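Trainee: Model the following, please.
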Amino acid sequence: MAEAADQPLGSHLNVDATRTWVGTVSMVTYYVIHAACLLALYTGVSAVDVGLCLGTYYLRLLGITAGYHRYFAHKAYKTSRAFQFALAFLGCSAIQKGPLWWAAAHRRHHRYADQPGDVHSPREGFYWSHEGWIFDGRWDVTDVERIRDFAQYPELVWLNHWHAVPPLLLVGICYAIGGLSGVVWGVAISTTLLWHTTYTINSLAHRWGTRRYDTSDDSRNNWLLAILTLGEGWHNNHHRYMASARQGFFWWEIDVTYYVLRALERLRLVSDLREPPPELLKGG
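Mentor: Predicted structure coming up:
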């Protein structure tokens, strides 16, 4: 990772100090949100709470799958600068750091998939690939060299640095709708579920499932993970052709994120959705 990776974000700290500070804040936030789920025993649950939990879960999951992953990491479609920022803002609200950090780390994963240098290969153990890597100081700062194409936009650089703003706004909205209980269900529980669901693609989708394509990594297709993650579970397909906006390559492979992108295309919010070349669809 580039040693000066965080400099374009306006950091005046040296890299080691930045890693220490960022890592500490990330770890504390992570476990506080997990612990906050227990407040549901005090607040109880209402229909509004359930609606907030499901709504913030699925909307923010799309921010990760359609935004952070298929757009920022792989440029699988095109969109306007304004909608690009909207996708980044929505992705930030999932509390998985900023769009430049996330996409750069994911590009590194594909560069070294299941080899030395991979950010979160399960060959290093389930816990490591699922969440342990997040707390490794090597990955605290943004690897700007891998994301120069999007680091040219000042608004994305700002959001990447101030990625806590969308989650704080979400807290305010949930509190306004449902009070403390709304925050517990719409932020704490929803976020914890969202984290561990998306993390399964790093851990389980490289260990559990079927392999249609003989890729150089351990990626698997898993229909259950695909349902839970709105299409990301077709992971062997994805490693076969990462630039595709469609990860469920065949009609029977449910890919909700792709369906949403097609709907957004009809609304003219996105365009030029990339598809896998026909010759790559064959097994082997």
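
Trainee: Break down the chain into its helices, ranges please.
Mentor: In the chain, the segments counted as helices under DSSP state H are 15-36, 40-43, 47-62, 81-92, 99-111, 126-130, 148-151, 154-161, 165-183, 190-203, 223-228, 235-240, 256-266.

Trainee: Which one, of those, ends up nearest to Leu281?
Mentor: Taking C-beta to C-beta, helix 235-240 is the member of those nearest to Leu281, at 8.7 Å. Backbone N, C-alpha and C define where each C-beta goes, glycine included.

Trainee: Show me what that closest one is in contact with.
Mentor: If you take C-beta atoms under 8 Å, 6 or more residues apart in numbering as the criterion, helix 235-240 is touched by 110, 113, 201, 205-206, 209-213, 215, 217, 219-222, 225, 232, 244, 247-249, 253, 276, 280.

Trainee: thinking again about what came up before, tell me the most buried of the helices of the chain?
Mentor: Sort the helices of the chain by mean neighbour count, taking mean count of other C-beta atoms under 10 Å, and helix 235-240 sits at the top with a mean of 25.

Trainee: chain center to that one, what's the gap?
Mentor: Between the centre of helix 235-240 and the centre of its chain there are 16 Å (C-alpha atoms, centre = their mean, to the nearest Å).

Trainee: before we move on, back to that, nearest to Val141 among the helices of the chain would be which one?
Mentor: That would be helix 15-36 among those, by C-beta to C-beta, at 5.6 Å.

Trainee: In terms of secondary structure, what does that closest one contact?
Mentor: The contact analysis (3 or more C-beta pairs under 8 Å, 6 or more residues apart in numbering; DSSP states H and E) places helix 15-36 against helix 190-203.

Trainee: For the helix it packs on, the averaged confidence score.
Mentor: Across helix 190-203, the average pLDDT comes to 97.

Trainee: Name the nearest residue to Pro167, sequence neighbours excluded.
Mentor: Of all residues not flanking Pro167 in the chain, Ile95 sits nearest, at 5.0 Å (C-beta to C-beta, 6 or more residues apart in numbering).
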